[in-house]
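# Please find the sequence and the predicted model below.
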Amino acid sequence: MNLKHPSLIIWDWDNTLVNSRPVVVAALNDVANMAHLPLITHQDIVDVMGTHMGRFWQENFGDKKTEAVDYYLSRYVAHNEKLELFPETQDVLDWVRSKGIPQIVVSNKNQHILDEECHRLNLGKYFDKVVGTDDRHIAKPTRAFADEIFGEEWPKNALMIGDGESDMMFAQTLGVFGLFIRPEGQSVTFSYDARVDDLAGVFRFLKDYIR
């Protein structure tokens with residue numbers, strides 16, 4: 001990829017452009033209270049933020065994990081007024097727009113929730129497209145999701161930015177550069193092209209490379 005002149009920037013949403021952690025913590029505590037679980041740990045929060053069907057759900061709910069996740073999602077919606085922009089969110093989006101680079105959002109969040117959050121936070125003006133999932137459960141990192149978003153013309157020379165394994169796998173699916181957001185102290189088992197600690201690090205990375 002020619003990082004100096006990317007043709008498109010593909011953003012993840014949660015914990016990339018917006019801070020979802022306060023919402024996740026509140027919703028997860030509601031789940032714990034409902035199910036009389038022990039206090040939620042930091043690792044529980046990390047696991048749930050990484051995947052809706054991760055270790056936390058399997059260990060605590062087993063065959064009933066789908067119902068538990070559905071309850072969690074209902075509580076997430078109830079608490080989503082706690083969703084926050086990162087301090088750098090609007091600055092980095094303004095800067096990318098000033099460079100004339102198209103931007104889209106591709107998220108595994110339900111489309112109607114994503115649309116509401118994007119509207120409420122007044123971020124829709126930055127994006128050519130905001131894509132979430134629907135009841136068919138097509139999502140990152142599948143080729144089917146890429147086909148649904150891009151049709152026969154997949155992006156070339158694009159940059160995928162996100163904080164999750166599915167984001168970096170989606171970059172590989174598309175054959176584009178994957179910029180991974182995760183503090184260096186946290187180990188991962190999947191590949192990426194470059195890594196930064198947070199959105200501030202993303203901003204520095206972009207300003208270093210894009211001309």
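Happy to help now that I have it. Everything quoted here is computed from the prediction, not taken from an experiment.

# So in the protein, where's the weakest helix or strand by average pLDDT?
helix 42-50 (a mean of 82; mean pLDDT, DSSP states H and E).

# How about residues contacting that helix?
14-15, 20-21, 24-25, 28, 54-57, 72, 164-165 (CB atoms under 8 Å, 6 or more residues apart in numbering). All C-beta atoms are positioned from the backbone trio N, CA, C, and that covers glycine.

# got the buried residues for the next helix or strand after it?
For helix 42-50, the succeeding helix or strand toward the C-terminus, using DSSP states H and E, is helix 55-61. With burial defined by 16 or more other CB atoms under 10 Å, the residues of helix 55-61 counted as buried are 56, 57, 60, 61.

# Return the member of these nearest to residue 3.
residue 56 (36.6 Å; CB to CB).

# now for the contacts of helix 42-50, which pair is the farthest apart?
Maximum distance among those (CB to CB): 21.1 Å, for 25 and 165.

# any idea how far residue 182 lies from residue 25?
Distance, residue 182 to residue 25, using CB to CB, to the nearest Å: 19 Å.

# In strands, which of the contacts of helix 42-50 fall?
Using DSSP state E, no member of the contacts of helix 42-50 falls in strands.

# Nearest to residue 132, out of those residues: which one, please.
residue 14 (10.6 Å).

# how deep is that closest one tucked in, by neighbour count?
Residue 14: 21 surrounding residues under other CB atoms under 10 Å.

# Bridge partners for it, pull those for me.
residue 18 (DSSP bridges).

# isn't residue 202 right up against residue 161?
Yes: at 6.0 Å, residue 202 counts as touching residue 161 under the criterion of CB atoms under 8 Å.

# Report all helices and strands that whatever helix or strand residue 113 lives in contacts.
Under the criterion of DSSP H and E, residue 113 resides in helix 111-120. On a contact count with 3 or more CB pairs under 8 Å, 6 or more residues apart in numbering; DSSP states H and E, helix 111-120 meets strand 103-110, strand 129-133.

# immediately after the shortest one, which helix or strand?
Sequence-wise, the next helix or strand beyond strand 129-133 is helix 143-150, with elements assigned using DSSP H and E.

# Let me know the pLDDT of the closest residue in space to residue 89 that isn't next to it in sequence.
Computed as CB to CB, 6 or more residues apart in numbering, the closest residue to residue 89 that is not its neighbour in sequence is residue 17, at 5.4 Å. What the model reports as pLDDT for residue 17 is 98.
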